[in-house]
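Trainee: What follows is a protein structure lacking sequence information:
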């Protein structure tokens, strides 16, 4: 099963900055892999709130954070 990064389903709402949107667009254009990790519930809760405050998805935040951490620039 292939998973693809999705945009938020709410239309007309802000989805974060252009960089985050570009990361998600790039990720959606290529094959994806599923990542499974165990994190503390308190971190998951804070992360979920952060995504909601930014009106974005948790997936978009992970893609943006991993791209920055890896030092990968958009092509």
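Mentor: Happy to help now that I have it. Source: prediction; values computed, not measured.

Trainee: ok, which stretches of this structure are strands?
Mentor: Counting by DSSP state E, the chain has no strands at all.

Trainee: Any regions of it where pLDDT drops low?
Mentor: Along the chain, the parts satisfying pLDDT under 70 run over 1-21, 23-24, 27-28, 72-75.

Trainee: Straight-line length of stretch 25-45, end to end?
Mentor: Stretch 25-45 has an end-to-end distance of 26 Å (criterion: CA to CA, to the nearest Å).

Trainee: Please enumerate the helices of this protein.
Mentor: Listed in chain order, the helices of the chain (DSSP state H) span residues 18-29, 41-53, 58-70.

Trainee: could you dump those to CSV with mean neighbour count and distance to residue 35?
Mentor: In this view, the C-beta of every residue, glycine as well, is placed from N, C-alpha and C. Output for those, formatted as CSV (neighbours: other CB atoms under 10 Å; distance: least, CB to CB, whole Å):
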stretch, mean neighbour count, distance to residue 35
helix 18-29, 15, 12
helix 41-53, 11, 14
helix 58-70, 16, 7
